[in-house]
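# the sequence isn't on hand, but the structure is:
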């Protein structure tokens with residue numbers, strides 16, 4: 001029973017629950033950004049580049065052939081298009097996440113600024129202010 005209690009305490013910690021929520025929201029946000037990349041950004045970019053899909057870009061290093069026994073030897077190709085597509089996706093997703101986090105941070109910063117009240121000066125600061133005022137009068 002102690003193990004079950006310890007597991008329950010671990011799972012109910014704030015940071016574990018926050019992490020789980022973050023993973024779930026991150027997965028949903030990833031789908032939104034992937035759709036944005038694939039359905040909104042890539043078609044115009046592909047039109048400019050003259051290709052509808054970067055995944056199809058490749059350089060054939062050795063063409064397919066048939067050996068003496070009639071067995072087919074597959075082509076050897078360097079499929080760089082998939083790599084380019086992945087890099088573009090990463091850059092767009094990274095940029096979107098950057099602006100999303102930047103917006104959240106600015107919202108939280110404004111919220112903290114609104115809730116913070118000016119701090120009461122300490123006794124030491126009050127005493128120093130009185131000394132300063134007395135010196136100014138002399």
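Arrived safely. Computed from a prediction, not measured in an experiment: that's the story for all the values here.
# show me what the least confident helix or strand in the chain by mean pLDDT is packed against.
None of the helices or strands of the chain scores lower by mean pLDDT, DSSP states H and E than helix 42-49, at a mean of 78. Packed against helix 42-49 by the contact rule (3 or more C-beta pairs under 8 Å, 6 or more residues apart in numbering; DSSP states H and E) you find no helix or strand. In short, each C-beta sits where N, CA and C put it, glycine included.
# report the buried residues of stretch 32-47.
Buried residues in stretch 32-47, counting neighbours by 16 or more other C-beta atoms under 10 Å, are found at 33, 37, 42.
# for it, how far is the first residue from the last?
By C-alpha to C-alpha, to the nearest Å, the extent of stretch 32-47 from end to end equals 22 Å.
# contacting residues around the spatially most central residue of the chain?
Computing the C-alpha centroid of the chain and ranking residues by C-alpha atoms, centre = their mean puts residue 97 first, at 3.8 Å. Contacts for residue 97 (C-beta atoms under 8 Å, 6 or more residues apart in numbering) come out as 29, 33.
# in the chain, which ranges drop under the pLDDT threshold?
14, 51-53, 111-118 (pLDDT under 70).
# show me where it has its helices.
2-11, 14-35, 42-49, 80-115, 123-137 (DSSP state H).
# for residue 57, find the nearest of those helices.
Of all the helices of the chain, it is helix 80-115 that lies closest to residue 57, at 2.9 Å by C-beta to C-beta.
# list the contacts of the residue in the chain sticking out farthest from the centre.
When distances to the mean C-alpha position of the chain are computed (C-alpha atoms, centre = their mean), the maximum falls on residue 138, with 60.9 Å. Neighbouring residues of residue 138 by C-beta under 8 Å, 6+ apart: there are none.
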